[in-house]
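>>> when you get a sec, could you give me coordinates for this:
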Amino acid sequence: MNAAQLEGADKAAVLLLALGPELSSPIMKQMDDEALIDLAKRMPKLSNIKPEDLAIVCNEYTQFHRSGNPFLSSSADIKGMLTGVVDNARLDRIMDSLQDGSPVRVPVWNKLSRMTAKTVFGIIKNENPQTIAIILGQLDPDFASSLIELFPEDMQTSVVVRMSKIESVSTDLIHDIEDALEKQLTGDHGSGLSFDGMVRVVDILKTLDGNVSKSILDHLRDKDPELFEQVDSQLLVFEDFADLSEKDVQTVLKHVSSEDLVRALKGASDELREHFFSNMSQRAAEIMREDMDIMGPLKVSDVEACQRNLLEIARKLDDEGAITFGTQEEMIE
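Purely as a prediction, here's the structure:
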């Protein structure tokens, strides 16, 4: 999909995806439910936006909002406003741009972090292990780990070994790598700027106020049940039970069947199992461990069905206010 094919709402969705959850959430909080639902439906469909099309959308936005009477009259005013809001490196890039009139250069690492892991893998997979190790060292650990998983086992080992031995990297070498990556991202044969739209939607919904997020999901359920199921299945996963307080776990245990629980825990991490066991009586925990040991292998579909049952019960308890589940809302002690 290119810029000429995008509708106005599509362009808004592209801008919000490019900004990421942290910057786009405050904007989305000002929108009404209808607008939020429309954006939420469009975002997953924007699977591949080329850099040049993103630039066109951004330029169109800038031109539309250009004003002949700026609120800030000097670079000193702008610098004062941004000091403390962005880090020093970003502030320097912005101020340099104001001085020479060039566009603000977004660090290549930021661009990579907004792509899907598969897209970045396609860009760096042919580099030598040392270069890959340096690149991964510049990225967020979670994103870097998802990239490492895509490499063959021998390359995984080579990269990890080299990364562990890196103590420092010269600035010149970092700049050379950045320049090479920039050329690949903007080259004619690049794969384009790919957004994992579904992941971005889920990230944004998780950072929104709980009531706003629930309202969007309720409307989405009515207007596009299939999309709702896709989004809803990623908003809460079984491992999220690990974030429940001891009191909330005990509340959940009162409402679930032992059969569903033992099957659901069969496919859970050891840490999550212990989180449940530690909130049972010693005897109940022992019985459940024994049941799991003698149960034997289970179909993945059966385990996942039981986990979904527990999630549905937890959702209902959360709606009723009996527990606090799957929210990032700040709590006051």
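>>> next, count neighbours for the residue lying closest to Phe277 once chain neighbours are set aside.
Excluding its sequence neighbours, the residue lying closest to Phe277 (Cβ to Cβ, 6 or more residues apart in numbering) is Ala285, at 4.1 Å. In short, each C-beta sits where N, CA and C put it, glycine included. Neighbour count for Ala285, taken as other Cβ atoms under 10 Å: 16.
>>> are we agreed that Ala285 is in a strand?
No - counting by DSSP: H, G, I helix; E, B strand; the rest coil, Ala285 is not part of a strand but helix.
>>> what domains does the record give for the protein?
With domains defined by automatic domain parsing, the chain comprises 3-107, 109-194, 237-333.
>>> mind checking the ones you listed for the one nearest to Lys214?
domain 237-333 (8.3 Å; Cβ to Cβ).
>>> can you check the pLDDT for Met28?
Note for Met28: predicted pLDDT of 73.
>>> distance check, it against Ala40.
9 Å (Cβ to Cβ, to the nearest Å).
>>> tell me which of the two has more neighbours.
The residue with more neighbours, out of Met28 and Ala40, is Ala40; 25 against 20, by other Cβ under 10 Å.
>>> list the buried residues in the longest helix belonging to the chain.
With secondary structure taken from DSSP state H, the chain has its longest helix at helix 300-319. Neighbour counts over helix 300-319 (16 or more other Cβ atoms under 10 Å) mark Val303, Cys306, Gln307, Asn309, Leu310, Leu311, Ile313, Ala314, Arg315, Leu317, Asp318 as buried.
>>> got the contact list for the fifth one?
Yep, that's Leu310 we're talking about. Phe238, Phe241, Val252, Val256, Asp260, Leu261, Ala264 (Cβ atoms under 8 Å, 6 or more residues apart in numbering).
>>> now with 6 Å?
Residues near Leu310 by Cβ atoms under 6 Å, 6 or more residues apart in numbering: Val256, Ala264.
>>> over to the third one?
Under the criterion of Cβ under 6 Å, 6+ apart, the neighbours of Gln307 are Phe238, Ala264.
>>> so it versus Ser146, what's the distance?
Relative to Ser146, and taking Cβ to Cβ, Gln307 is found at 22 Å.
>>> the bottom helix or strand of this protein by mean pLDDT?
Sorting the helices and strands of the chain by mean pLDDT, DSSP states H and E puts strand 193-194 at the bottom, at a mean of 44.
>>> buried residues in stretch 135-142, which are they?
Ile135, Leu136, Gln138, Leu139.
>>> still on that earlier bit, any chance of TSV for the domains of the chain, columns distance to Asp222?
What follows is the domains of the chain, written out as TSV (distance: least, Cβ to Cβ, whole Å):
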stretch	distance to Asp222
domain 3-107	9
domain 109-194	30
domain 237-333	17
